[in-house]
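Engineer: Curious how this folds, go ahead:
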Amino acid sequence: MNSTQFIKIIDAVDEGVLIIDENGIIKMFNEKARLLTGVDIKPVVPHESGKLRSGDLVVIVDNRLGYDDGGLDVAHLERIGINTDELAYDDAFVAVGIYDDPKSKGELKVWKNKTHSDHLIFETMVKKHKISTSINLKEKEVLIKIDETSYLMNYAIAIGHMVIFDLHLDRLKFYQDRGYSVRNETVSELLRGMPFRAKGIISDVTKHDMHQGPVSSDVKAQDCSVIDKPMAHVLKSELLFKMVEQCQLDEVDKIDYTYVEINQRPTLCGAEKLEDSKLIMVKMIDLSDANELIRQRNQLIAMLEKTTQQLFVSKIHKNSVGATGITGNSNAIQRINFLIEKAAKTKSTVLITGESGTGKTLIAYKIHKLGQKSEKTPFVSVNCTAIPHQLFESELFGYVKGAFTGAEKSGKIGLFEMADGGTLFLDEIGELPQNMQVKLLQVLQSKSFYKVGATKPTKVDVRIIAATNKDLHSEIENRIFREDLYYRISAFPIHVAPLRERKADLYSLIDSISMKITESMEMTSKDISGEAMAMLLGYHWPGNVRELENVLELAYNLSESKMIEAEDIILSSPVRINTQHQTLKSTIEEAERKQITKILDETGYDIKKTIETLEISRSVFYEKAKKYEIGLKK
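Structural biologist: Predicted structure coming up:
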């Protein structure tokens, strides 16, 4: 088999495959990997490397100011002759001007409200050059056209699109075709004088053509190959670099698939050291394919477990919302699904812990549902925070005729008796008064209780499931919760991790919740834009799944099209750029740059000694050297 045939086979694989040598250099990068990371090969209009110079024509089209353009703000636009109080964070705009030309005044078009049109268009003339721009909100495209040459960019999240035209040579100087996340060239950085890299294959003939005049839009060229380039120059992901480094240092032979963002794109990544070599192979899949991968992975793990567990894993993946109803792809949720199956087969008391909104009630109900033979078996749920302390005993145990003044003449059946033969779910059991904690302990021990005013006990066959968002260990230390009751109710503990610790579940949760919303509200299904999805992924979800449900339901009600946009996502503490954080970030970056330069000087630019002194990985060192434009040769 020759190398061409081998490359064709690797490119046909469904997974992204990336091979790195011991120096962090890319040796193979298949088509799927290019697609998943945004480093896709396609025809482009080439240009040389360089930076903005005085007299260059600058055209900027930004869908949302400051959101994903490197922290662009109004002050940066002063470099192209634009001084305005009209433009604010989150606005869409077009800015056209001459760089560092005090005699030239730039042009600005701002859209404060983007809901009135799917197509935002602006046209102007600058020194005999016709400039046309548009933001297509429906198709998620940004177009900049100078004379007859078009520079189109598709975007998944809001992003600034920029074209620089050299008016002295009458030719293209720079443009973005996939945004900055892959190449680290933000609009704000370029306006501040940072350099940009070459694009496409620049041959001697091409250079001649570029200096003679504008390049036509039908030029066929490829992005510079990523092969033999440092991984840190192509990919942006600290977690991925750490995975590769662990394999390189023989800390592990293999790292299983885990959630990793590469170039701001969510993937599942695994890494392993190739046998008898120093090469590291990274495999990645799109999270849209994650369900199938996790199903296969968990089935393999299940083969090492008991037959019952193996059958369960197979069953929950055949119908992820049927058997257990607990939606999610993370290891934490798959573990909970397994525990639900196990708990359903026992009569032990179950204690479910976790923050509010994580789905403790749903877990309790599914344990009950899976463990009962009859559909008529009762499931009685009581929120302990909703019952006044003085009424707890009569509500839980009931009372007999004439038990106290104001009692019903026929007496009352309590919640324990209502749940006879089934399950009593005590939600927020940490709020149970101490006098009731003693009585509950007695019921759990004797399987019987006395109604208020009764002289004979009532026997019941009730399975107790309790839940709390409190730290009961702390409550025990503070003598608020009885230790003996804790051990009685926690025979089978289940802990539910908060949503912020299992972001990989967001995709399947959003799909599941959206389906429920469309069915219950009789609405048509809506897609979620990349901008909106980025907001959902970046949020910390203090209210967990319950908050996610509320946010999505409101978004469906606010959206006036088939697409939920970022404007429809209302969060309790919205993700916003903080200028103080930006200042802090700049301070930290400057300190890093100075420290790296200082150590390089002290070691005589010995890269190995510098890395050892800084105590960082090789990949991180090269990434920071590139970021801060630190020359590595003295």
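
Engineer: Can you give the distance of stretch 351-364 from its chain's centre?
Structural biologist: Centre-to-centre, stretch 351-364 and its host chain are 22 Å apart (CA atoms, centre = their mean, to the nearest Å).

Engineer: Quick one: the helices in the stretch 251-400 of the chain, in order.
Structural biologist: For the stretch 251-400 of the chain, applying DSSP state H, counting those that start in this stretch gives helices covering 290-302, 307-318, 331-344, 360-371, 392-397.

Engineer: before we move on, what about the stretch 451-600 of the chain?
Structural biologist: Secondary structure of the stretch 451-600 of the chain by DSSP H, counting those that start in this stretch: the helices cover 472-477, 483-489, 506-520, 530-538, 544-558, 579-602.

Engineer: Which of those helices sits closest to residue 415?
Structural biologist: With respect to residue 415, and counting by CB to CB, the nearest of the helices of the stretch 451-600 of the chain is helix 483-489 at 15.9 Å. All C-beta spots, glycine's among them, are computed from the backbone N, C-alpha and C.

Engineer: for that closest one, packing partners?
Structural biologist: Under the contact criterion of 3 or more CB pairs under 8 Å, 6 or more residues apart in numbering; DSSP states H and E, helix 483-489 touches helix 434-446, helix 472-477.

Engineer: which of the residues in the first one are buried?
Structural biologist: Within helix 434-446, the residues that qualify as buried by neighbour count (16 or more other CB atoms under 10 Å) are 436, 437, 439, 440, 441, 443, 444.

Engineer: Relative to residue 233, which of these is nearest.
Structural biologist: The closest of those to residue 233 turns out to be residue 437 (CB to CB; 61.9 Å).

Engineer: mind checking how far the closest one is from residue 471?
Structural biologist: 16 Å (CB to CB, to the nearest Å).

Engineer: So which residue is smack in the middle of this structure?
Structural biologist: residue 537 (3.5 Å; CA atoms, centre = their mean).

Engineer: right, and it touches residue 506 too?
Structural biologist: Yes - proximity of residue 537 to residue 506 meets the contact threshold set by CB atoms under 8 Å, at 6.3 Å.

Engineer: residues bridging contact with those two, i.e. touching both?
Structural biologist: Counting by CB atoms under 8 Å, 6 or more residues apart in numbering, residue 537 and residue 506 have no shared contacts at all.

Engineer: related to what we said a few turns ago, hey, least reliable of the helices of the stretch 251-400 of the chain by pLDDT?
Structural biologist: Mean pLDDT is lowest for helix 307-318 out of the helices of the stretch 251-400 of the chain, coming in at a mean of 35.

Engineer: on that earlier part again, compile the buried residues of helix 434-446 into TSV and extend it with columns for pLDDT.
Structural biologist: Formatted as TSV, these follow (pLDDT from 0 to 100):
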residue	pLDDT
436	90
437	92
439	91
440	92
441	91
443	91
444	90
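
Engineer: Closest one to residue 459 out of those, please.
Structural biologist: Closest to residue 459 out of the buried residues of helix 434-446 is residue 443 (10.4 Å), distances taken as CB to CB.

Engineer: what's the closest non-adjacent residue to that closest one?
Structural biologist: Using CB to CB, 6 or more residues apart in numbering and skipping the chain neighbours, the partner closest in space to residue 443 is residue 449 (4.8 Å).

Engineer: Run a quick check on residue 88 versus residue 73, I expect a contact.
Structural biologist: No - using CB under 8 Å, residue 88 is not in contact with residue 73; the gap is 9.7 Å.

Engineer: Could you list the domains of the protein?
Structural biologist: What automatic domain parsing lists as the domains of the chain is 3-39+229-286, 57-212, 347-497, 500-538+550-568, 579-627.

Engineer: starting at the chain centroid, how far to the fourth one?
Structural biologist: Pointing back at domain 500-538+550-568 there. Computed by CA atoms, centre = their mean, the separation of domain 500-538+550-568 from the middle of its chain amounts to 14 Å.

Engineer: residue boundaries of the helices in the stretch 1-150 of the chain?
Structural biologist: 3-11, 31-37, 74-77.

Engineer: Against residue 429, how distant is the residue lying closest to residue 438 once chain neighbours are set aside?
Structural biologist: Leaving out its chain neighbours, the residue that sits closest to residue 438 by CB to CB, 6+ apart is residue 482, at 7.3 Å. Distance, residue 482 to residue 429, by CB to CB: 11 Å.

Engineer: Tell me which of those two has more neighbours.
Structural biologist: Shown here are residue 482 and residue 429; by other CB atoms under 10 Å, residue 429 has more neighbours (25 against 19).

Engineer: Need the phi and psi values for residue 346.
Structural biologist: Phi and psi for residue 346, reported as degrees, to the nearest 10, are phi -120, psi 170.

Engineer: dump the residue contacts of the closest residue to it other than its chain neighbours.
Structural biologist: Once flanking residues are discounted, residue 346 sits nearest to residue 492: 6.6 Å by CB to CB, 6+ apart. Taking CB under 8 Å, 6+ apart, we find residue 492 in contact with 339, 342, 343, 346, 348, 349, 350, 351.

Engineer: Quickly list what residue 492 is bridged to.
Structural biologist: residue 350 (DSSP bridges).

Engineer: if we can go back for a sec, please tell me I have it right and the residue nearest to residue 443 contacts residue 439.
Structural biologist: Yes - counting by CB under 8 Å, residue 449 touches residue 439, with 7.2 Å between them.

Engineer: what's the overlap in contacts for the two?
Structural biologist: Counting by CB under 8 Å, 6+ apart, the residues touching both residue 449 and residue 439 are 396, 397.

Engineer: about what we covered before: how deep is the residue nearest to residue 443 tucked in, by neighbour count?
Structural biologist: Counted with other CB under 10 Å, residue 449 comes out at 22.

Engineer: just the one 5 residues further on next, same as before
Structural biologist: By other CB under 10 Å, 16 other residues sit near residue 454.

Engineer: Understood, closing this out.
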